[in-house]
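**Q** Predicted model follows, preceded by the sequence.
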Amino acid sequence: MGVFDVGFVAVIGAFAYAFYEQHTKTKVKLAGANANNDQLSKEIVELKQRVAVLETIVTDKSYQLKQQIDQL
């Protein structure tokens with residue numbers, strides 16, 4: 001094996017290691033993002049439930065009657 005062959009293998013090895021390191025970092029970031037997405041999904045469900053309750057209150061006839069009385 002010549003000097004150039006050793007250099008070539010070293011360069012290829014360095015690129016392979018850099019690729020593997022970047023791939024590992026990306027996997028860790030994606031795992032953290034998935035956990036964050038689950039938390040955000042739960043929060044969205046809770047907020048939708050709260051909006052539904054508020055819509056029910058606002059569209060209730062007694063609520064509208066109270067507003068009309070307050071306007072008088």
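**A** Nice, I can see it.
**Q** Could you give the average pLDDT over the longest helix belonging to the chain?
**A** The longest helix of the chain (DSSP state H) is helix 3-59. Along helix 3-59, the predicted confidence averages to a pLDDT of 88.
**Q** after it comes which helix or strand?
**A** Scanning forward in sequence from helix 3-59 by DSSP states H and E, the next helix or strand is helix 61-71.
**Q** I'd like to know which elements that following helix is packed against.
**A** Where contact means 3 or more CB pairs under 8 Å, 6 or more residues apart in numbering; DSSP states H and E, helix 61-71 is not packed against any helix or strand. C-beta: built from backbone N, CA, C; applies to glycine.
**Q** and the angle from it to helix 3-59?
**A** Per axes from the mean of the first three to the mean of the last three CA atoms, to 10 degrees, the angle that helix 61-71 makes with helix 3-59 is 70 degrees.
**Q** which helices and strands sit right next to the longest helix of the chain?
**A** Under the contact rule (3+ CB pairs under 8 Å, 6+ apart), helix 3-59 is packed against no helix or strand.
**Q** Pick out the residue closest to the middle of this structure.
**A** Per CA atoms, centre = their mean, the C-alpha nearest to the average position across the chain is that of Asn37, at 3.3 Å.
**Q** can you list the residues that contact stretch 17-35?
**A** Contact partners of stretch 17-35, identified using CB atoms under 8 Å, 6 or more residues apart in numbering, are not found; the set is empty.
**Q** Which parts of it count as buried, going by neighbours?
**A** Of the residues in stretch 17-35, none is buried under the neighbour-count criterion (16 or more other CB atoms under 10 Å).
**Q** ok now the longest helix of the chain, how far from the chain's centre?
**A** On the basis of CA atoms, centre = their mean, to the nearest Å, the separation between the geometric centre of helix 3-59 and that of its chain is 8 Å.
**Q** same check, this time on stretch 56-65
**A** Mean-position distance between stretch 56-65 and its chain equals 36 Å (CA atoms, centre = their mean).
**Q** Can you give me the end-to-end span of that stretch?
**A** Start to finish, the residues bounding stretch 56-65 are 15 Å apart (CA to CA, to the nearest Å).
**Q** any idea how far the residue nearest to the centre of the chain is from Ser62?
**A** According to CB to CB, to the nearest Å, Asn37 and Ser62 sit 40 Å apart.
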